[in-house]
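In: Sequence first, then the predicted structure, then my questions.
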Amino acid sequence: MLKLFRSQASVASRLRVVLIGIVVTLLALVSVLCVVFFSNDDAAPEITRERCNKLSAGMTRSEVELRFGPPRDYRTGATSPTSFNTLVSRSADDPQSEDAYSLVWLTDNAFVMVFFDKKDRVAGVLYSDLTLIDQSALANWWWRLRRKLGILWLM
């Protein structure tokens, strides 16, 4: 009888460990969902073709970031281009030189790639209009999760 009681206590102890594991897993999942849905994303900058036209060759990177904010993906959902890349401006310096680099700003309505020369000065600007793709709440949640994790290429 004593052996049976110990056996039942052992099963109850294992069951408690399993239940605690399930609760911890669920709490971790809820935490991830909260980060995806309720994180306080910065407001997207207003990026338009007209504002891009005001970027001129020779402007510094800090001047560009003052107008558009830090370069990043500000989108709230999947987007599709409505116009092809348009070269808005270009300096005499070749933006394709080996010391050049580019930064990208993505919003729900625009894609902007600014090319900088080796002196951190604007050498060129590419602009495309974007539009949000109409999708279900679940598809948008999946897209946002992949963006947050940096795996948008994963379908």
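Out: Ah, there it is.

In: Against Asp120, how distant is Asp99?
Out: Going from Asp99 to Asp120 by CB to CB, to the nearest Å gives 10 Å. Where you see a C-beta, it was placed from the backbone N, CA and C, and this is true even at glycine.

In: Among these two, which residue is more densely surrounded?
Out: Taking Asp99 and Asp120 together and counting by other CB atoms under 10 Å, Asp120 has the greater number of neighbours (13 against 9).

In: For whichever strand in the chain runs longest, enumerate the helices and strands it packs against.
Out: What stands out as the longest strand in the chain, according to DSSP state E, is strand 122-132. Applying 3 or more CB pairs under 8 Å, 6 or more residues apart in numbering; DSSP states H and E, one finds that strand 122-132 makes contact with helix 49-53, strand 79-81, strand 86-90, strand 110-116.

In: Try it again at 10 Å.
Out: Counting by 3 or more CB pairs under 10 Å, 6 or more residues apart in numbering; DSSP states H and E, the packing neighbours recorded for strand 122-132 are helix 49-53, helix 61-68, strand 79-81, strand 86-90, strand 101-106, strand 110-116.

In: If we go by neighbour counts, what in that strand is buried?
Out: Buried residues in strand 122-132, counting neighbours by 16 or more other CB atoms under 10 Å, are found at Val122, Ala123, Gly124, Val125, Leu126, Tyr127, Ser128, Asp129, Leu130.

In: With stretch 44-53 instead?
Out: The neighbour-count check on stretch 44-53 (16+ other CB under 10 Å) flags Ala44, Pro45, Ile47, Arg51, Cys52 as buried.

In: Check stretch 54-72 too.
Out: Leu55, Ala57, Met59, Arg61, Val64, Phe68, Gly69, Pro71, Arg72.

In: any idea how far Ala137 is from Leu15?
Out: Note on Leu15: its distance to Ala137, by CB to CB, is 36 Å.

In: who has more neighbours, these two?
Out: For the pair Leu15 and Ala137, the greater number of neighbours falls to Leu15 (10 against 7), based on other CB under 10 Å.

In: Now the more buried one: which helix or strand?
Out: Using DSSP states H and E, Leu15 sits in helix 2-38.

In: Sounds good, over and out.
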